[in-house]
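Peer 1: got a predicted structure plus its sequence, pasted below:
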Amino acid sequence: MSAVLDLKGVTVRRHPKTILDAVDWQVNEGERWVVLGRNGAGKTTLLQIASGRMHPTAGTADVLGERLGRVDVFELRPRVGLASAALADRIPADETVRDVVLTAAYGVTGRWREAYEDFDTERAGDLLAAFGVDHLADRTFGTLSEGERKRTQIARALMTDPELLLLDEPAAGLDLGGREELVGALAELAGDPASPVLVLVTHHVEEIPPGFTHLLLLKDGAVHSAGPIREVLTSDNLSDAFGLPLLVAHGGGRWMARAARP
Ligand SMILES: Nc1ncnc2c1ncn2[C@@H]1O[C@H](COP(=O)(O)OP(=O)(O)OP(=O)(O)O)[C@@H](O)[C@H]1O
(Lines give C-alpha, C1' and ligand atoms only; values in the text may rest on other atoms or scores of the structure.)
Protein backbone atom coordinates (compact mmCIF):
# COMPACT_ATOMS: atom_id res chain seq x y z
CA MET A 1 0.00 0.00 0.00
CA SER A 2 1.41 3.42 -0.92
CA ALA A 3 1.99 6.14 1.68
CA VAL A 4 -0.68 8.77 2.25
CA LEU A 5 1.99 11.45 1.89
CA ASP A 6 5.43 10.82 0.46
CA LEU A 7 7.64 13.87 0.12
CA LYS A 8 11.18 13.48 -1.18
CA GLY A 9 13.57 16.41 -1.28
CA VAL A 10 10.65 18.87 -1.36
CA THR A 11 12.02 22.36 -1.79
CA VAL A 12 10.03 25.57 -2.20
CA ARG A 13 11.89 28.72 -3.23
CA ARG A 14 10.44 32.20 -3.47
CA HIS A 15 13.30 34.44 -4.43
CA PRO A 16 15.48 35.07 -2.49
CA LYS A 17 14.15 32.74 0.21
CA THR A 18 14.16 28.96 0.49
CA ILE A 19 10.91 28.33 2.36
CA LEU A 20 11.17 24.53 2.39
CA ASP A 21 14.57 22.93 2.10
CA ALA A 22 14.80 19.31 0.87
CA VAL A 23 12.00 17.98 3.08
CA ASP A 24 11.66 14.20 3.26
CA TRP A 25 8.47 13.14 5.01
CA GLN A 26 6.33 10.02 4.85
CA VAL A 27 2.87 9.71 6.40
CA ASN A 28 1.13 6.33 6.45
CA GLU A 29 -2.40 5.02 6.98
CA GLY A 30 -3.66 5.27 10.55
CA GLU A 31 -1.08 7.85 11.65
CA ARG A 32 -1.90 11.15 13.37
CA TRP A 33 0.86 13.72 12.86
CA VAL A 34 1.67 16.99 14.57
CA VAL A 35 3.82 19.52 12.71
CA LEU A 36 5.58 21.86 15.09
CA GLY A 37 7.99 24.72 14.51
CA ARG A 38 8.44 28.35 15.32
CA ASN A 39 6.98 31.23 13.27
CA GLY A 40 8.16 31.10 9.68
CA ALA A 41 9.49 27.52 9.90
CA GLY A 42 7.48 26.54 6.80
CA LYS A 43 4.51 24.72 8.36
CA THR A 44 1.76 26.39 6.33
CA THR A 45 3.78 26.01 3.12
CA LEU A 46 4.14 22.29 3.86
CA LEU A 47 0.34 21.99 4.21
CA GLN A 48 -0.08 23.84 0.91
CA ILE A 49 1.99 21.10 -0.73
CA ALA A 50 0.18 18.31 1.16
CA SER A 51 -3.20 19.66 0.02
CA GLY A 52 -2.17 19.96 -3.63
CA ARG A 53 -2.43 23.75 -3.55
CA MET A 54 1.26 24.35 -4.25
CA HIS A 55 3.86 22.46 -6.25
CA PRO A 56 7.43 22.10 -5.04
CA THR A 57 10.18 24.00 -6.85
CA ALA A 58 12.27 20.82 -6.59
CA GLY A 59 11.74 17.31 -5.27
CA THR A 60 8.67 15.08 -5.54
CA ALA A 61 5.43 15.12 -3.58
CA ASP A 62 3.07 12.14 -3.73
CA VAL A 63 -0.29 12.83 -2.14
CA LEU A 64 -2.65 9.86 -1.74
CA GLY A 65 -0.54 7.98 -4.24
CA GLU A 66 -0.71 10.74 -6.86
CA ARG A 67 2.36 12.70 -7.97
CA LEU A 68 1.87 16.49 -7.86
CA GLY A 69 2.53 17.84 -11.31
CA ARG A 70 1.03 14.77 -12.99
CA VAL A 71 -2.36 14.54 -11.28
CA ASP A 72 -5.40 16.76 -11.91
CA VAL A 73 -5.37 18.71 -8.62
CA PHE A 74 -9.10 19.40 -8.93
CA GLU A 75 -9.69 15.67 -8.60
CA LEU A 76 -7.18 15.35 -5.79
CA ARG A 77 -8.30 18.26 -3.59
CA PRO A 78 -11.72 16.87 -2.53
CA ARG A 79 -9.84 13.82 -1.17
CA VAL A 80 -7.88 16.10 1.19
CA GLY A 81 -9.71 18.10 3.87
CA LEU A 82 -8.09 21.39 4.88
CA ALA A 83 -9.07 23.79 7.65
CA SER A 84 -7.06 27.01 7.82
CA ALA A 85 -7.53 30.67 8.69
CA ALA A 86 -7.02 31.61 5.03
CA LEU A 87 -9.89 29.33 3.93
CA ALA A 88 -12.13 30.55 6.77
CA ASP A 89 -11.63 34.15 5.61
CA ARG A 90 -13.31 33.20 2.34
CA ILE A 91 -16.52 32.03 4.02
CA PRO A 92 -19.24 34.70 3.65
CA ALA A 93 -20.29 36.07 7.06
CA ASP A 94 -23.99 35.72 6.16
CA GLU A 95 -23.73 32.01 5.28
CA THR A 96 -25.61 29.76 7.70
CA VAL A 97 -23.53 27.31 9.68
CA ARG A 98 -25.34 24.39 8.01
CA ASP A 99 -24.48 25.78 4.56
CA VAL A 100 -20.85 26.40 5.52
CA VAL A 101 -20.53 22.65 5.94
CA LEU A 102 -22.91 21.63 3.14
CA THR A 103 -21.27 23.76 0.42
CA ALA A 104 -18.00 21.83 0.91
CA ALA A 105 -19.72 18.98 -0.96
CA TYR A 106 -19.44 21.21 -4.05
CA GLY A 107 -16.09 22.76 -3.15
CA VAL A 108 -17.58 26.25 -2.89
CA THR A 109 -17.86 28.68 0.03
CA GLY A 110 -21.15 30.41 -0.78
CA ARG A 111 -24.51 28.80 -1.43
CA TRP A 112 -26.09 29.74 -4.72
CA ARG A 113 -28.42 27.41 -6.60
CA GLU A 114 -26.92 24.02 -6.00
CA ALA A 115 -29.42 21.29 -5.19
CA TYR A 116 -28.16 19.13 -2.35
CA GLU A 117 -29.03 15.51 -1.79
CA ASP A 118 -30.76 14.51 1.46
CA PHE A 119 -27.67 12.42 2.09
CA ASP A 120 -25.48 15.55 2.05
CA THR A 121 -27.82 17.47 4.37
CA GLU A 122 -27.86 14.56 6.79
CA ARG A 123 -24.08 14.24 6.73
CA ALA A 124 -23.64 17.98 7.37
CA GLY A 125 -25.99 17.66 10.37
CA ASP A 126 -24.07 14.68 11.73
CA LEU A 127 -20.75 16.49 11.42
CA LEU A 128 -22.10 19.59 13.15
CA ALA A 129 -23.36 17.35 15.97
CA ALA A 130 -19.99 15.55 16.20
CA PHE A 131 -18.31 18.91 16.80
CA GLY A 132 -21.01 20.19 19.18
CA VAL A 133 -22.29 22.99 16.95
CA ASP A 134 -25.50 21.42 15.59
CA HIS A 135 -27.60 23.78 17.75
CA LEU A 136 -26.06 26.66 15.75
CA ALA A 137 -26.97 25.25 12.31
CA ASP A 138 -29.33 28.12 11.44
CA ARG A 139 -27.07 30.89 12.76
CA THR A 140 -24.86 32.82 10.35
CA PHE A 141 -21.14 32.09 10.36
CA GLY A 142 -20.34 35.75 11.11
CA THR A 143 -22.15 35.60 14.46
CA LEU A 144 -20.16 32.63 15.83
CA SER A 145 -17.48 32.80 18.48
CA GLU A 146 -13.95 31.92 17.40
CA GLY A 147 -14.21 28.46 18.99
CA GLU A 148 -17.55 27.74 17.28
CA ARG A 149 -16.04 28.86 13.97
CA LYS A 150 -13.07 26.58 14.34
CA ARG A 151 -15.28 23.58 15.04
CA THR A 152 -17.54 24.47 12.08
CA GLN A 153 -14.48 24.68 9.81
CA ILE A 154 -13.32 21.22 10.82
CA ALA A 155 -16.83 19.84 10.20
CA ARG A 156 -16.66 21.50 6.76
CA ALA A 157 -13.24 19.98 6.04
CA LEU A 158 -14.67 16.52 6.81
CA MET A 159 -17.74 16.93 4.59
CA THR A 160 -16.19 15.30 1.51
CA ASP A 161 -15.15 12.29 3.62
CA PRO A 162 -11.47 12.99 2.91
CA GLU A 163 -8.73 10.39 3.19
CA LEU A 164 -6.40 13.01 4.69
CA LEU A 165 -7.35 15.89 6.98
CA LEU A 166 -4.98 18.85 7.38
CA LEU A 167 -5.59 21.29 10.24
CA ASP A 168 -3.57 24.51 10.25
CA GLU A 169 -3.44 25.94 13.77
CA PRO A 170 -7.03 25.04 14.67
CA ALA A 171 -6.66 26.33 18.25
CA ALA A 172 -5.20 29.75 17.32
CA GLY A 173 -7.11 32.57 18.99
CA LEU A 174 -9.16 30.33 21.29
CA ASP A 175 -9.55 30.97 25.01
CA LEU A 176 -8.72 28.21 27.46
CA GLY A 177 -12.22 26.68 27.41
CA GLY A 178 -12.42 26.85 23.63
CA ARG A 179 -8.99 25.27 23.29
CA GLU A 180 -9.83 22.45 25.65
CA GLU A 181 -13.13 21.73 23.89
CA LEU A 182 -11.35 21.62 20.57
CA VAL A 183 -8.54 19.43 21.90
CA GLY A 184 -11.24 17.05 23.23
CA ALA A 185 -13.01 16.93 19.86
CA LEU A 186 -9.72 16.29 18.05
CA ALA A 187 -8.76 13.58 20.54
CA GLU A 188 -12.03 11.81 19.71
CA LEU A 189 -11.32 12.18 16.02
CA ALA A 190 -7.78 10.84 16.52
CA GLY A 191 -9.10 7.84 18.45
CA ASP A 192 -11.67 6.84 15.84
CA PRO A 193 -10.22 4.22 13.47
CA ALA A 194 -12.68 5.42 10.79
CA SER A 195 -11.12 8.90 10.81
CA PRO A 196 -8.89 10.03 7.97
CA VAL A 197 -5.14 10.37 8.44
CA LEU A 198 -4.65 13.57 10.44
CA VAL A 199 -1.99 16.28 10.24
CA LEU A 200 -2.19 19.10 12.78
CA VAL A 201 -0.01 22.21 12.60
CA THR A 202 0.57 24.07 15.83
CA HIS A 203 3.08 26.27 17.70
CA HIS A 204 2.12 24.94 21.11
CA VAL A 205 2.69 21.47 22.51
CA GLU A 206 -0.22 22.10 24.93
CA GLU A 207 -2.53 21.93 21.90
CA ILE A 208 -1.52 18.40 20.93
CA PRO A 209 -4.58 16.18 21.49
CA PRO A 210 -4.17 12.75 23.07
CA GLY A 211 -4.06 10.08 20.38
CA PHE A 212 -1.65 11.89 18.07
CA THR A 213 1.11 9.45 17.21
CA HIS A 214 3.88 11.22 15.28
CA LEU A 215 5.71 14.52 15.23
CA LEU A 216 7.48 16.45 12.49
CA LEU A 217 9.66 19.19 13.91
CA LEU A 218 10.56 21.86 11.34
CA LYS A 219 13.40 24.34 11.68
CA ASP A 220 14.14 27.03 9.08
CA GLY A 221 12.24 25.13 6.38
CA ALA A 222 14.08 21.85 6.97
CA VAL A 223 13.17 18.72 8.91
CA HIS A 224 14.79 18.97 12.34
CA SER A 225 13.46 15.59 13.47
CA ALA A 226 10.50 13.32 12.75
CA GLY A 227 9.01 10.09 14.06
CA PRO A 228 6.92 8.70 16.92
CA ILE A 229 5.93 11.60 19.15
CA ARG A 230 7.35 10.13 22.37
CA GLU A 231 10.75 9.74 20.74
CA VAL A 232 10.86 13.11 19.00
CA LEU A 233 9.17 15.46 21.47
CA THR A 234 12.09 15.81 23.87
CA SER A 235 13.46 18.87 25.68
CA ASP A 236 16.63 18.71 23.58
CA ASN A 237 14.82 18.57 20.23
CA LEU A 238 12.32 21.29 21.11
CA SER A 239 15.04 23.57 22.52
CA ASP A 240 17.08 23.18 19.36
CA ALA A 241 14.12 23.70 17.00
CA PHE A 242 12.84 26.79 18.86
CA GLY A 243 16.29 28.19 19.67
CA LEU A 244 15.92 28.50 23.43
CA PRO A 245 16.32 26.15 26.39
CA LEU A 246 12.97 24.41 26.99
CA LEU A 247 11.72 21.70 29.29
CA VAL A 248 9.10 19.30 27.97
CA ALA A 249 6.78 17.30 30.22
CA HIS A 250 4.09 14.73 29.49
CA GLY A 251 1.16 13.72 31.71
CA GLY A 252 -2.47 12.67 31.39
CA GLY A 253 -2.06 12.23 27.64
CA ARG A 254 -1.04 15.89 27.21
CA TRP A 255 2.22 17.74 26.64
CA MET A 256 3.60 20.86 28.28
CA ALA A 257 6.67 23.00 27.58
CA ARG A 258 8.26 25.89 29.44
CA ALA A 259 11.52 27.77 29.46
CA ALA A 260 14.26 25.91 31.31
CA ARG A 261 15.57 28.07 34.15
CA PRO A 262 18.97 27.59 35.72
N1 LIG B 1 5.24 33.80 -1.46
C2 LIG B 1 6.23 34.00 -0.61
N3 LIG B 1 7.30 34.77 -0.94
C4 LIG B 1 8.32 34.98 -0.07
N5 LIG B 1 8.35 34.46 1.17
C6 LIG B 1 7.31 33.69 1.56
C7 LIG B 1 6.20 33.42 0.70
N8 LIG B 1 5.32 32.62 1.37
C9 LIG B 1 5.87 32.41 2.59
N10 LIG B 1 7.05 33.05 2.70
C11 LIG B 1 7.95 33.05 3.86
O12 LIG B 1 8.32 31.70 4.12
C13 LIG B 1 8.44 31.46 5.50
C14 LIG B 1 7.58 30.28 5.91
O15 LIG B 1 6.22 30.63 5.82
P16 LIG B 1 5.07 29.69 6.40
O17 LIG B 1 3.79 30.48 6.38
O18 LIG B 1 5.08 28.40 5.66
O19 LIG B 1 5.60 29.46 7.86
P20 LIG B 1 4.82 28.94 9.17
O21 LIG B 1 5.74 27.97 9.83
O22 LIG B 1 3.47 28.45 8.82
O23 LIG B 1 4.76 30.29 9.98
P24 LIG B 1 3.72 30.76 11.14
O25 LIG B 1 3.96 29.85 12.28
O26 LIG B 1 4.19 32.17 11.43
O27 LIG B 1 2.34 30.69 10.58
C28 LIG B 1 8.08 32.77 6.19
O29 LIG B 1 9.27 33.46 6.50
C30 LIG B 1 7.29 33.52 5.13
O31 LIG B 1 7.44 34.93 5.28
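Peer 2: Arrived safely. Computed from a predicted model, the values in this text were never measured in an experiment. Numbers count the residues shown, from 1 in each chain.
Peer 1: can you say which helix or strand has the residue nearest to the spatial centre of the chain in it?
Peer 2: Residue closest to the average C-alpha location in the chain (C-alpha atoms, centre = their mean): residue 167, at 1.5 Å. Under the criterion of DSSP states H and E, residue 167 resides in strand 164-168.
Peer 1: packing partners of that strand?
Peer 2: The helices and strands touching strand 164-168, judged by 3 or more C-beta pairs under 8 Å, 6 or more residues apart in numbering; DSSP states H and E, are helix 43-50, strand 80-83, helix 146-158, strand 197-202. For every residue, glycine as well, the C-beta is placed using N, CA and C.
Peer 1: mind running it again at 6 Å?
Peer 2: If you count contacts as 3 or more C-beta pairs under 6 Å, 6 or more residues apart in numbering; DSSP states H and E, strand 164-168 packs onto helix 43-50, strand 80-83, strand 197-202.
Peer 1: could I get those as CSV with distance to residue 28, mean neighbour count and mean pLDDT?
Peer 2: Putting the helices and strands packed on strand 164-168 into CSV (distance: least, C-beta to C-beta, whole Å; neighbours: other C-beta atoms under 10 Å; pLDDT from 0 to 100) gives the following:
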stretch, distance to residue 28, mean neighbour count, mean pLDDT
helix 43-50, 14, 23, 96
strand 80-83, 16, 24, 93
strand 197-202, 8, 24, 97
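Peer 1: okay if I get those as TSV plus distance to residue 173?
Peer 2: Rendered in TSV, the data for the helices and strands packed on strand 164-168 read as follows (distance: least, C-beta to C-beta, whole Å):
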stretch	distance to residue 173
helix 43-50	15
strand 80-83	13
strand 197-202	12
